[in-house]
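Undergrad: Predicted model and sequence follow; I will ask about them next.
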Amino acid sequence: MVYIKDLYRDNPFYTVDDVMEILSVSRSTAYRIIANLQRKLPGAKYALSPGEIPKDYFDKQLYAYSRKGQEDDKGN
C-alpha cells in the first residue's frame, strides 16, 4: 500500500508548516518570511504558491544569515 505522504517525500519545496517548524515561528511570520524570500528569488524559474519556497534556496539563505550572525558576534 502506498501512502500519499510517501509520494511527496522528495518534494523540492518547503511549505509554510515546514518553515514554522524549522524557525519556531507563527504561521503568519512563516508566510511573511516566505514572501520576502520569494521576492528575492533569483531567476524566478519556479511557479510558486504563497506558502512554498525551494528547499535549496531557503537553506542557502538560512545558512548565509546564520554565518553572518556568527561573524558579527566575533567582531568581523
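TA: The structure has been received and is ready for your questions.
Undergrad: For residue 36, the count of nearby residues, please.
TA: Burial of residue 36 is recorded as 12 neighbouring residues (other Cβ atoms under 10 Å). Yep, even glycine has a C-beta here, placed from its N, CA and C like the rest.
Undergrad: And it, how close does it get to residue 30?
TA: From residue 36 over to residue 30 the distance is 11 Å, taken as Cβ to Cβ, to the nearest Å.
Undergrad: how about the strands in the protein?
TA: For the chain, strands defined by DSSP state E occupy the ranges 13-15, 52-54.
Undergrad: so where is the chain shaky, pLDDT-wise?
TA: By pLDDT under 70, the low-scoring segments of the chain are 1-9, 44-46, 65-76.
Undergrad: let's go with 80 and repeat that
TA: Counting by pLDDT under 80, the ranges of the chain that qualify are 1-10, 42-48, 64-76.
Undergrad: Go through the strands of the chain and pick out the most buried.
TA: Among those, ranked by average contacts under mean count of other Cβ atoms under 10 Å, first place goes to strand 52-54 (a mean of 21).
Undergrad: what packs against it?
TA: strand 13-15, helix 27-40 (3 or more Cβ pairs under 8 Å, 6 or more residues apart in numbering; DSSP states H and E).
Undergrad: which other residues reach that strand?
TA: 12-16, 19, 34, 37-38, 41, 46 (Cβ atoms under 8 Å, 6 or more residues apart in numbering).
Undergrad: Same question for stretch 24-44.
TA: Counting by Cβ under 8 Å, 6+ apart, 16-17, 19-20, 23, 48, 50-54, 57-58, 61 sit against stretch 24-44.
Undergrad: Same question for stretch 10-18.
TA: Counting by Cβ under 8 Å, 6+ apart, 22, 27, 30-31, 34, 48, 51-56, 58 sit against stretch 10-18.
Undergrad: hmm, which of the residues you listed are the buried ones?
TA: Among the contacts of stretch 10-18, those classed as buried by 16 or more other Cβ atoms under 10 Å are 30-31, 34, 51-54, 58.
Undergrad: Kindly check the end-to-end length of stretch 19-27 for me.
TA: End-to-end distance of stretch 19-27: 9 Å, with Cα to Cα, to the nearest Å as the criterion.
Undergrad: Please identify the buried residues of that stretch?
TA: For stretch 19-27, the neighbour count (16+ other Cβ under 10 Å) marks 19-20 as buried.
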